[in-house]
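Chemist: what's the 3D shape of this:
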Amino acid sequence: MNAGWVGGIGGGLVGIAGGVFGTYCGIKNTHGPRERAFMVKCAITCWAYVLGYLLLLVTLPRPYGWFLSIPYTLLLCIGIVYANRIQHRIRQEESANQPTDTPRP
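Modeler: Numbers count the residues shown, from 1 in each chain. Next comes the predicted model:
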């Protein structure tokens, strides 16, 4: 096995491990049940989107697969911004419904 194969396989495994760790941290650091459910849906959607893109990249003929990179990147960025806004709104709504621990005078 040459260095290119080792680097490609090793880099892919490190990338997948980083994605799994990031997904775990994103779900673990939620503050309420609605936010956690939303983040699980986002994680499933994002993983399916990325894996679908990679599948198309591998299966389409050479020049055509790479043309998907621009719309893939744009839609991924738009999706991240959209999901972050919804998560922030859910977090604000859930924190507004929580009772405060500080006594009122």
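
Chemist: in this structure, where is pLDDT below threshold?
Modeler: 99-105 (pLDDT under 70).

Chemist: which residue, other than its chain neighbours, is closest to T59?
Modeler: Distances taken as Cβ to Cβ, 6 or more residues apart in numbering place G65 nearest to T59, at 7.6 Å, with adjacent residues excluded. The way it works is simple: take the backbone N, C-alpha and C, and place the C-beta from them, glycine included.

Chemist: C-terminal to the helix or strand containing the one you found, what's the next element?
Modeler: Assigned by DSSP states H and E, G65 falls within helix 62-66. As assigned by DSSP H and E, the chain's next helix or strand after helix 62-66 is helix 69-96.

Chemist: that following helix packs against which elements?
Modeler: helix 33-59 (3 or more Cβ pairs under 8 Å, 6 or more residues apart in numbering; DSSP states H and E).

Chemist: can I assume H31 is in contact with R91?
Modeler: Yes: under the criterion of Cβ atoms under 8 Å, H31 makes contact with R91 at 5.8 Å.
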